[in-house]
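> sequence isn't available, so here's the structure alone:
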């Protein structure tokens, strides 16, 4: 459907960031197509980054299928694990050192505190919220926000200090070099307002304590959260615009706070409206019948899949 991308003529840098926890579906296809179009129209660079932080669900066969499906759609990128580039490796599971550096900076600046809540309380921290969301009421936005099964607002159980600096047992925060076997949260002052202009959906506004609370940046099993890894990678790779689904608007608010704390510039944001099934539920990787694999086997073409007229049924 498309040939090789045009030569890079601008400083625009976008990215594709699939999670290899299942086969890509129609919603992924349309969002990634939008990301490719925007990079292409800007004469910029598109980066392929595999977000395989979840050790229990990530599979190499899903990663290979994602690359194959996106190429079949006609999407092309200039940097990635299959092409190389100046910011390799382009696989998150191989970028742990970068995330540790970001974690240490946050700790030493007083933004983190240890959390002893259970694994069940923290199990949602690994993946992007769209990997955890069970349903949406419709494909349209209501007041610019979506009703998603997002990380619940943390009640502050493990906050140990009224300010940013917690009282840590043993060494001071400046002496701690690794997260150890402790969960770490980013402290957000209640009432903090995060606003940004989305290039597709317009002005967005979220309030800490109402829309989200203190969020996990590192788990006790040694894995950084989606939020921290995303921010560290986008900054390191020089991403200038993030194109993704509207179910990640709240994540953008969190990532703006992380960028602010780490001293990183924010990229621009472009959130795509979600593709839903005939019941108005957001598509998920459990919709096997609507995976790109299954649709290809049924003989559909890229044009069928990218067309707004494609019937979306569970």
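Okay, I see it. Source: prediction; values computed, not measured.
> all strands for the chain, in order.
Ranges of strands in the chain, per DSSP state E, are 13-16, 45-48, 112-115, 183-186, 193-198, 202-207, 215-218, 241-245, 268-272.
> let me know which of the ones you listed is the nearest to residue 35.
With CB to CB as the measure, strand 241-245 is the member of the strands of the chain nearest residue 35 (3.8 Å). Where you see a C-beta, it was placed from the backbone N, CA and C, and this is true even at glycine.
> now the angle from that closest one to strand 268-272?
Calculated by axes from the mean of the first three to the mean of the last three CA atoms, to 10 degrees, strand 241-245 forms an angle of 20 degrees with strand 268-272.
> what packs against strand 241-245?
Strand 241-245 sits against strand 13-16, helix 26-41, strand 268-272, with contacts defined as 3 or more CB pairs under 8 Å, 6 or more residues apart in numbering; DSSP states H and E.
> tell me the buried residues in the longest one?
Buried residues in helix 26-41, defined by neighbour count with 16 or more other CB atoms under 10 Å: 26-36, 38-40.
> angle of that helix against strand 268-272?
Computed by the same axes, to 10 degrees, the angle between helix 26-41 and strand 268-272 is 140 degrees.
> helix 26-41 - contacts with which helices or strands?
Right, helix 26-41 is packed against strand 13-16, strand 45-48, helix 60-73, strand 241-245, strand 268-272, helix 292-297, helix 302-306 by 3+ CB pairs under 8 Å, 6+ apart.
> can we see that at 10 Å?
Judged by 3 or more CB pairs under 10 Å, 6 or more residues apart in numbering; DSSP states H and E, the packing partners of helix 26-41 are strand 13-16, strand 45-48, helix 60-73, helix 129-132, strand 241-245, strand 268-272, helix 292-297, helix 302-306.
> likewise the shortest one?
Packed against strand 13-16 by the contact rule (3+ CB pairs under 10 Å, 6+ apart) you find helix 26-41, strand 45-48, helix 60-73, helix 226-236, strand 241-245.
> now those in a markdown table, with mean pLDDT and distance to residue 293?
Converted to a markdown table, the helices and strands packed on strand 13-16 look like this (pLDDT from 0 to 100; distance: least, CB to CB, whole Å):
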| stretch | mean pLDDT | distance to residue 293 |
| --- | --- | --- |
| helix 26-41 | 96 | 11 |
| strand 45-48 | 98 | 19 |
| helix 60-73 | 97 | 6 |
| helix 226-236 | 97 | 24 |
| strand 241-245 | 97 | 20 |
